[in-house]
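In: Any chance you could fold what I've pasted below:
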Amino acid sequence: MGDRLSTETREGLRSTLKASRTLRIAAFTLVAGLIFGFLYLLSRYSYLLFHNIAEVFSIFIAWSIFIIAWNTRKIATNDYLLFLGISYLFVGVIDLVHTLAYKGMGVFPGYGANLATQLWVGSRYLESISLLIAPTFLLHRLKAAYDFAAYTLVTALVLLSIFVWDIFPACFVEGVGLTPFKKISEYVICFILLGALAFLYRQRDALDRNVLIMLSASILVTIASELCFTLYVDPYGLFNQLGHFLKIVSFYLIYRAMVVTSLKEPYDVLFRELKQSEERFRAVVENAPFGYYRVGRDGLWQYVNPIWERMHGFTFEEVVGKPFEITQPDDAVEQARELVERALAGESIAGEFVRLTGGGDVEYHTFNIQPVKRGEDVVAIEGFLTDITDLKRAESALHESEERYRVLADTLPQVVFELGASGGITYVNQVAYRMFGYSEEDMERGLNALDIIDPSDHERITGAIQKMMDGSSLGATCEHLARRKDGTVFPCIVYSVSIPDEDGAPAGIRGILTDITERKTMEAELKRINSELDVYAEVVSHDLRGPLSVIQSASTNLDELMENCADLDTAGTGRSVVDIITKSTENAEELINNLLALARAGQAPGKINETDVRELVEKVLEEKAVILEKKGVKVEVDENLGRIMAEPTHIYQIFSNLIGNAITYNDNPHPEIGITHRESKGLHHYMVRDNGPGIPPDEVEKIFKPLYRGVSGGTGIGLSIVDKLTALYGGGISAYNTGGACFEFTLGDLHVEPPS
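Out: Numbering: from 1, shown residues only. Presented below is the predicted three-dimensional model:
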């Protein structure tokens with residue numbers, strides 16, 4: 001029953017409003033009819049009196065527009081009304097002269113109906129062009145002084161051209177009627193007004209809808225009025241009368257749009273943009289990515305926006321009218337009350353705070369509070385919230401991560417360090433203090449990377465830092481001679497990378513320093529042992545070559561004896577024995593040479609050069625050109641195989657062994673060999689592949705062992721040499737099958753170590 005009554009009430013209100021609107025329209029129509037009826041009867045009595053009333057009405061409206069526009073110019077949100085006000089001031093001036101010059105007034109003796117008609121045309125040109133230009137000032141500012149000057153000049157020129165210079169074209173001829181100039185001018189004015197209407201419509205968003213409708217209607221009625229003024233012959237005739245009726249209507253519409261609306265509804269006209277701004281602000285607050293709130297002096301929530309609701313897990317209805325404490329954790333209530341009291345006392349406050357959500361979770365936000373004043377009194381507080389819960393949790397996680405990093409760094413046996421852009425030490429772990437003998441107080445006073453490196457190595461360490469800071473190097477692995485606080489030195493190896501800033505530019509260096517004293521001692525011992533082994537290998541090879549040379553000599557003598565042997569069977573058998581001996585001694589000689597190469601492969605050279613790898617590969621291919629051509633092997637090599645700091649012989653040995661195997665063991669009718677290269681993280685990555693039968697699966701893991709021959713035969717030493725050499729250059733090698741045998745290996749630059 002309640003719902004039905006409510007519906008009936010609403011329908012009754014709608015009917016009442018509709019009836020009231022109909023009654024107003026009927027009353028307006030009746031009054032307008034009476035006025036126009038009176039004016040018509042008046043025109044029948046005295047057309048001159050009718051004309052004067054119509055023109056004075058128009059002049060009054062024109063000057064009223066100016067008065068309103070001029071006195072509201074400082075609070076208007078655009079200069080459209082001000083421009084129209086100034087222009088209609090001068091339109092009214094010419095219309096006033098037109099009224100005084102009308103036939104029968106006797107103000108300007110000696111002039112006929114042509115004078116009033118000329119003034120009419122001049123006034124209408126001024127009005128139509130002004131309406132065309134006016135929409136420009138919905139978006140642009142107007143300089144009123146310049147506008148006054150321009151209209152004064154134009155008005156003066158119109159009046160002078162008519163009264164003084166007599167150059168204004170004739171518009172009316174007694175007994176004939178309107179001249180062609182007058183008629184054409186009226187049509188031109190109509191086209192200008194159509195342009196003004198189109199221009200106004202393009203700027204419609206900057207005008208109130210009711211104002212836009214009335215202005216548009218005024219322009220259309222003005223066009224109709226001008227068309228009427230193209231038809232009359234007698235200045236007291238019907239079309240002249242109808243034109244003046246329409247002029248009254250057009251000026252009335254401007255009166256409604258500009259004067260009545262400006263006086264009765266100034267908010268909509270003069271402050272329309274402010275209203276739109278308010279609406280935009282409300283929309284922004286409602287859809288803002290931050291929380292907005294308002295709390296009264298009584299401590300009750302007055303307003304919260306949707307983001308605030310989502311942040312707190314409360315709806316608008318659940319909090320408005322409730323104490324602000326309901327959104328505060330118990331341990332933060334007192335602090336929250338203090339902040340509210342300070343804001344109600346007139347203080348603006350910003351900071352971070354916690355909040356209690358509807359689900360009972362404690363989350364975090366930044367806030368600001370502003371007092372809301374009415375006069376000098378603070379009547380409420382308002383502010384904004386930005387959720388930083390994820391940020392706070394990330395900060396907590398980062399703190400935990402930093403703590404774990406610090407604990408891990410302090411438990412490592414190596415020194416962990418960070419340097420600033422200029423080389424100053426900004427962080428070291430606890431191992432650094434023990435290893436170098438410096439204290440935390442020394443660190444606080446400031447230490448530089450050069451303080452912990454021996455002066456003999458300063459130039460290299462300075463160059464390495466400079467390269468990382470200018471971006472030419474992302475990191476380095478180098479051996480240096482470190483220096484303790486007491487002046488003693490020890491060898492170390494430093495692994496370092498640059499630390500980028502927010503823009504990705506190098507801002508510092510982070511790294512690990514390892515004491516390699518024991519490793520150096522072991523390397524020295526290993527070098528000694530290798531040297532002894534090298535001598536031993538030389539002695540053994542020398543001792544083995546002695547008997548081999550005797551065997552080779554005996555084989556030669558035996559071969560000569562077989563040439564003189566009369567018994568052909570014996571000679572044939574002897575030559576077979578000679579071939580076996582010769583082949584065996586050659587294999588033994590090759591084995592001795594390979595053993596020497598293997599013994600020397602793991603030893604670093606004393607002198608290295610920047611080596612163009614492609615040149616060495618081409619040398620290998622050139623040496624093997626005959627067999628490559630004989631077997632019809634197609635070889636594809638990358639144009640750039642890089643440049644490596646190395647002993648060229650080592651690089652030659654690696655590619656010679658791998659290319660030789662790819663030729664020897666490839667039984668494909670159309671054999672192919674491919675050699676490719678790429679660089680990554682300071683290392684050179686190579687691949688040597690063929691399209692042969694590949695490596696037997698059970699041998700892939702064994703082929704790099706010394707003397708392992710497999711089913712393919714050979715000495716079993718070549719791949720062992722390659723394995724040792726790649727390890728010497730900080731890399732490694734692996735083999736697998738992919739459409740043939742494929743060997744992938746990496747090589748790094750080999751540096752000569754600084755003296756110990």
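In: Tell me, how many residues neighbour A149?
Out: For A149, the count of nearby residues is 11 (other Cβ atoms under 10 Å). Bear in mind the C-beta positions are built from the backbone N, C-alpha and C, glycine included.
In: Need the pLDDT of it.
Out: Looking at A149, its pLDDT is 91.
In: Report the helix or strand with the lowest average pLDDT across the protein.
Out: helix 266-269 (a mean of 48; mean pLDDT, DSSP states H and E).
In: For the most centrally placed residue in the chain, which three-state class applies?
Out: Centroid check for the chain by Cα atoms, centre = their mean gives D503 as the closest residue, at 12.6 Å. With DSSP: H, G, I helix; E, B strand; the rest coil as the basis, the three-state label of D503 is coil.
In: Can you pull the poorly scored residue ranges out of the stretch 501-650 of the chain?
Out: 526, 529-572, 574-575, 578, 582-606 (pLDDT under 70).
In: What segments of it are strands?
Out: All strands of the stretch 501-650 of the chain, identified by DSSP state E, counting those that start in this stretch, fall at 506-515, 609-612, 634-637, 643-646.
In: Mean neighbour count added to those strands, as TSV?
Out: Shown next, in TSV, are those (neighbours: other Cβ atoms under 10 Å):
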stretch	mean neighbour count
strand 506-515	19
strand 609-612	15
strand 634-637	14
strand 643-646	20
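In: so which of those gets nearest E622?
Out: Closest approach to E622 among those (Cβ to Cβ): strand 634-637, 11.3 Å.
In: C-alpha coordinates for that closest one, CSV please?
Out: Extracted in CSV, the C-alpha atoms of strand 634-637 (Å, rounded to 0.1, in the frame of the first residue of the first chain):
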residue,chain,number,x,y,z
LYS,A,634,82.1,-27.7,-48.0
VAL,A,635,83.3,-25.4,-45.3
GLU,A,636,81.3,-22.5,-43.8
VAL,A,637,83.0,-20.1,-41.4
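In: any residues touching that strand, and which ones?
Out: 614, 617-618, 621, 628, 670-675 (Cβ atoms under 8 Å, 6 or more residues apart in numbering).
In: can those go into a markdown table with extra columns for distance to L115 and neighbour count?
Out: Below are the contacts of strand 634-637 laid out as a markdown table (distance: Cβ to Cβ, whole Å; neighbours: other Cβ atoms under 10 Å):
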| residue | distance to L115 | neighbour count |
| --- | --- | --- |
| R614 | 102 | 17 |
| V617 | 107 | 24 |
| E618 | 107 | 14 |
| L621 | 110 | 18 |
| L628 | 113 | 18 |
| H670 | 110 | 9 |
| P671 | 113 | 20 |
| E672 | 107 | 18 |
| I673 | 109 | 22 |
| G674 | 104 | 17 |
| I675 | 105 | 22 |
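In: Looks to me like Y111 is in a helix.
Out: No - secondary structure of Y111 (three-state DSSP): coil, not part of a helix.
In: could you check the distance from the closest residue to it other than its chain neighbours over to L207?
Out: Nearest in space to Y111, with sequence neighbours left out and distances taken as Cβ to Cβ, 6 or more residues apart in numbering, is A101 at 6.4 Å. In this view, A101 and L207 are 36 Å apart by Cβ to Cβ, to the nearest Å.
In: ok so, going back, now do the phi/psi pair for the residue nearest to the centre of the chain.
Out: phi -90, psi 0 (degrees, to the nearest 10).
In: Kindly report the same for S422.
Out: Dihedral angles for S422 - degrees, to the nearest 10 - are phi -90, psi 0.
In: the helices in the stretch 51-200 of the chain, which residues?
Out: Applying DSSP state H, counting those that start in this stretch to the stretch 51-200 of the chain gives helices spanning 80-101, 113-133, 144-163, 180-202.
In: Dump those to TSV, plus distance to K705.
Out: Below are the helices of the stretch 51-200 of the chain laid out as TSV (distance: least, Cβ to Cβ, whole Å):
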stretch	distance to K705
helix 80-101	95
helix 113-133	97
helix 144-163	99
helix 180-202	88
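In: and of those, who's closest to D390?
Out: With Cβ to Cβ as the yardstick, what comes closest out of these is helix 180-202 (46.8 Å).
In: same for that closest one, what does it pack against?
Out: Packing contacts for helix 180-202, counted by 3 or more Cβ pairs under 8 Å, 6 or more residues apart in numbering; DSSP states H and E, involve helix 113-133, helix 209-228.
In: Run the angle between the last one and helix 80-101 for me.
Out: It stands for helix 209-228. When axes from the mean of the first three to the mean of the last three Cα atoms, to 10 degrees is applied, the directions of helix 209-228 and helix 80-101 differ by 30 degrees.
In: between helix 209-228 and helix 180-202, how big is the angle?
Out: 170 degrees.
In: isn't the residue nearest to Y111 right up against V107?
Out: Yes - between A101 and V107 there is a contact under Cβ atoms under 8 Å: 6.5 Å.
In: Which of the two has more residues huddled nearby?
Out: A101 (22 against 12).
In: next SSE after the helix or strand harbouring E444?
Out: Taking DSSP states H and E as the definition, E444 sits inside helix 440-445. Using DSSP H and E, the helix or strand that follows helix 440-445 towards the C-terminus is helix 458-469.
In: how about that next one: buried residues?
Out: Within helix 458-469, the residues that count as buried by 16 or more other Cβ atoms under 10 Å are 460-461, 464-465, 467-469.
In: Could you give the average pLDDT over it?
Out: For helix 458-469, the per-residue pLDDT averages 87.
In: Residues contacting the host helix or strand of F655, please?
Out: Using DSSP H and E, F655 falls within helix 648-664. Applying Cβ under 8 Å, 6+ apart, the contact partners of helix 648-664 are 597, 601, 605, 609, 611, 613, 616-617, 619-621, 623-624, 627-628, 631, 633, 644, 671, 673, 675, 688-690, 692, 714, 718-719, 721-722, 725-726, 728-729, 741, 743, 745, 747.
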